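In: I would like to see how this sequence folds:
(one chain, ligands or ions: 1)
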Amino acid sequence: MRRSIALARARAPARPRGSTDAITPDRPSIPLQVSFNSRKMSSSVAARVSARAMMAKPTNKVAARRSAKPMRSGVAARAGGAGTPFTTWILQQEMEENIDGELAVVLSSIGLACKQIASLVQRAGLSGMTGLAGETNVQGEDQKKLDVISNDVFCDVLRQSGRTGVIASEEEDVPVAVEETFGGNYVVVFDPLDGSSNIDAAVSTGSIFGIYESDSTCIPDFGTEDASKIEEKCVMNVCQPGTNLLCAGYCMYSSSTILVLTIGQGVYGFTLDPTVGEFMMSHDKITVPEAGKIYSFNEGNYGMWSEGLKKYMDSLKNGGAEQGSKPYSARYIGSLVGDFHRTILYGGIYGYPGDSKNPNGKLRLLYECAPMSMIAEQAGGKGSTGKERVLDVVPTKVHQRVPFFVGSKKEVEYLESFM
Ligand code: FDP
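Out: Predicted coordinates:
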């Protein structure tokens, strides 16, 4: 049955939007403006979010669902290995009851968004899509034209999927309730175009996403609740710890377009075959090497790092845990998706630490660090703030930042020993 949710698509003011109409022509009108903003979180909302954070039991429905996964008798299908089309793989996961039909629709919508963004990124230099959009996002960062367009692509495919209840994006000030939902009600968090400062030089970029089940206590009742209550519930629905993630993934736009994702049962990679326009499985069960002598940090910030971190960095140049052995190699694209992808394939460590200027670093917990940590853990690696497991951190703000270290288990543990 069709359910209408009359909550506004809250957006940053005065965005240039005309250029995306060719892709997504029919945007609905905005029935209600939401002024709630994580930066302007009222003390009562902040208190309730943090109270919920303290009570959060990351292992509730999700753990039950994962551990007691029923297998439909007689279903022998399994993911078909290398060469399997993404759409077939999704259907196989649904048949095996690893995901439900609603989540299958959300995943296939995300696949579509990634294909559209890949095409836009590839043609950016020819179609006038490079450069700034002329606006800043809620975090004060200059938005690129492609940031804005990619965000619209993601928002529109998720809205049209009819299976998403709430979305939260790096490029949106506040979480947004989707106006029409037919079922599923999934919460999708995403960074539509990460690493976009690289775009004008045609260097790798990517999209990152995470999918949560809707918390039943946070589903707004549009019939009886006022706008501020609905806003509050929307934020609370999004502020879930990474342990609740049902699915996490990224799509890298590089020499190939590669979609990597996990539904909590290993990590799979699909490369876009441009001749048929479909993602095909190219990485059947990715595992991160246990150790690896590559580090990926913006070392330009060294002077602002803690003494422990400086000592760690110095030690890598003398062989790391095996002091006196070959020094580590530095590799830093400055695009999280590209740096992360290399790290999980080759081993090593990626880090964006806090420093004296930005104690929580730069990267955002909800739609960067938590999804990447789930992928890392599912591939046998580790994601850490330096002090704790990233997936255990319960967000109190939508755009919250955390120090982030991810990659080979032994490398992340070696770093933690200095923090
Ligand atoms: P960008 O600002 O280009 O979007 O998340 C933001 C991010 O890129 C990451 O993709 C990247 O790893 C990091 O910032 C780079 O930051 P520095 O330029 O400070 O190294």
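
In: all contacts plus neighbour counts: C-alpha atoms, from now on.
Out: Noted.

In: so what pLDDT did whichever residue of the stretch 51-200 of the chain sits closest to the ligand get?
Out: Proximity of the stretch 51-200 of the chain to the ligand (Cα to the nearest ligand atom) peaks at residue 195, 3.2 Å away. pLDDT recorded at residue 195 is 90.

In: okay, now the residue nearest to it when sequence neighbours are not counted: neighbour count?
Out: Closest residue to residue 195 apart from its sequence neighbours, by Cα to Cα, 6 or more residues apart in numbering: residue 335 at 4.3 Å. When neighbours are defined as other Cα atoms under 10 Å, residue 335 has 20 of them.

In: quick one: contacts for residue 139?
Out: residue 399 (Cα atoms under 8 Å, 6 or more residues apart in numbering).

In: repeat that for 10 Å
Out: The neighbourhood of residue 139, defined by Cα atoms under 10 Å, 6 or more residues apart in numbering, consists of 39, 170-173, 399-400.

In: what do you get for residue 295?
Out: Contact partners of residue 295, counting by Cα under 10 Å, 6+ apart, are 313, 316, 328-332, 339, 343, 347-351, 407, 411.

In: any idea how far the residue of the chain positioned farthest from its centre is from the ligand?
Out: Largest separation from the mean C-alpha position in the chain: residue 324, at 37.9 Å (Cα atoms, centre = their mean). Using Cα to the nearest ligand atom, to the nearest Å, residue 324 is found at 29 Å from the ligand.

In: That residue in helix, strand or coil?
Out: Under DSSP: H, G, I helix; E, B strand; the rest coil, residue 324 falls in the coil class.

In: ok, and the closest non-adjacent residue to it?
Out: residue 318 (5.4 Å).

In: now swap in residue 332 and tell me
Out: Nearest to residue 332 is residue 296, by Cα to Cα, 6+ apart, at 4.9 Å.

In: tell me, how many neighbours does that neighbour end up with?
Out: Neighbour tally, residue 296, other Cα under 10 Å: 24.

In: That one contacts residue 339, doesn't it?
Out: Yes: if you go by Cα atoms under 10 Å, residue 296 and residue 339 touch, sitting 6.9 Å apart.

In: Common neighbours of those two, please.
Out: Residues touching both residue 296 and residue 339 (Cα under 10 Å, 6+ apart): 331-333, 349-351.

In: how about the longest helix along the chain: buried residues?
Out: In the chain, assigned by DSSP state H, the helix with the most residues is helix 101-122. The neighbour-count check on helix 101-122 (16 or more other Cα atoms under 10 Å) flags 101-115, 117-118, 120-122 as buried.

In: can you tell if the next helix or strand along the chain from it touches the ligand?
Out: For helix 101-122, the following helix or strand on the C-terminal side (DSSP states H and E) is strand 132-136. No: under the criterion of Cα under 6 Å from any ligand atom, the ligand is not reached by strand 132-136; the shortest gap measures 12.3 Å.

In: Compute the distance from the centre of strand 132-136 to the centre of its chain.
Out: Remark: strand 132-136 is offset 22 Å from the chain centroid, using Cα atoms, centre = their mean, to the nearest Å.

In: what pairs with the helix or strand just after it, and is each one parallel or antiparallel?
Out: Once strand 132-136 ends, the next helix or strand along the chain (criterion: DSSP H and E) is strand 142-144. Strand pairing for strand 142-144, determined by DSSP bridges: strand 132-136 (antiparallel).

In: which regions of the stretch 151-300 of the chain lie under the pLDDT threshold?
Out: 179-184, 217-222 (pLDDT under 70).

In: All the strands of it, residue numbers only.
Out: Counting by DSSP state E, counting those that start in this stretch, the segments of the stretch 151-300 of the chain that form strands are 164-169, 176-177, 180-181, 186-194, 205-212, 245-253, 257-262, 267-273, 278-283, 294-296.

In: State the number of residues packed around residue 255.
Out: Residue 255: 10 neighbours (other Cα under 10 Å).

In: out of everything not next to it in sequence, what's closest to it?
Out: Using Cα to Cα, 6+ apart, the nearest residue to residue 255 is residue 204, at 7.9 Å.

In: which residues touch the one you found?
Out: Shown in contact with residue 204 (Cα under 10 Å, 6+ apart): 121, 194-198, 252-257, 333-339.

In: Near the ligand, which residues of the stretch 301-419 of the chain are found?
Out: 334-336, 363.

In: Now do residue 212 against residue 101, distance only.
Out: Using Cα to Cα, to the nearest Å, one gets 15 Å for the distance from residue 212 to residue 101.

In: Check residue 165 too.
Out: Distance of residue 165 to residue 101, computed by Cα to Cα: 15 Å.

In: go on, residue 258?
Out: Distance from residue 258 to residue 101, counting by Cα to Cα: 24 Å.

In: quick one: residue 279 and residue 82 touch, right?
Out: No: counting by Cα under 10 Å, residue 279 stays clear of residue 82, with 11.1 Å between them.

In: what is in contact with these two at once?
Out: What both residue 279 and residue 82 touch, as defined by Cα under 10 Å, 6+ apart, is the set 269-270.

In: Comparing those two, which shows the higher neighbour count?
Out: Using other Cα under 10 Å, the more surrounded residue of residue 279 and residue 82 is residue 279, with 24 against 15.

In: can you dump the C-alpha coordinates of stretch 188-204 into CSV?
Out: In CSV, the C-alpha atoms belonging to stretch 188-204 read as follows (Å, rounded to 0.1, in the frame of the first residue of the first chain):
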residue,chain,number,x,y,z
VAL,A,188,20.4,5.4,3.6
VAL,A,189,23.4,7.6,4.4
PHE,A,190,25.8,8.6,1.7
ASP,A,191,28.5,10.9,0.4
PRO,A,192,27.6,11.2,-3.3
LEU,A,193,31.0,12.3,-4.5
ASP,A,194,33.8,11.9,-2.1
GLY,A,195,37.2,13.3,-3.0
SER,A,196,35.6,15.9,-5.3
SER,A,197,38.5,18.3,-4.9
ASN,A,198,40.3,15.9,-7.3
ILE,A,199,37.6,16.1,-10.0
ASP,A,200,39.0,18.9,-12.1
ALA,A,201,42.3,17.0,-12.5
ALA,A,202,40.4,13.8,-13.5
VAL,A,203,41.8,12.0,-10.5
SER,A,204,39.8,9.2,-8.8
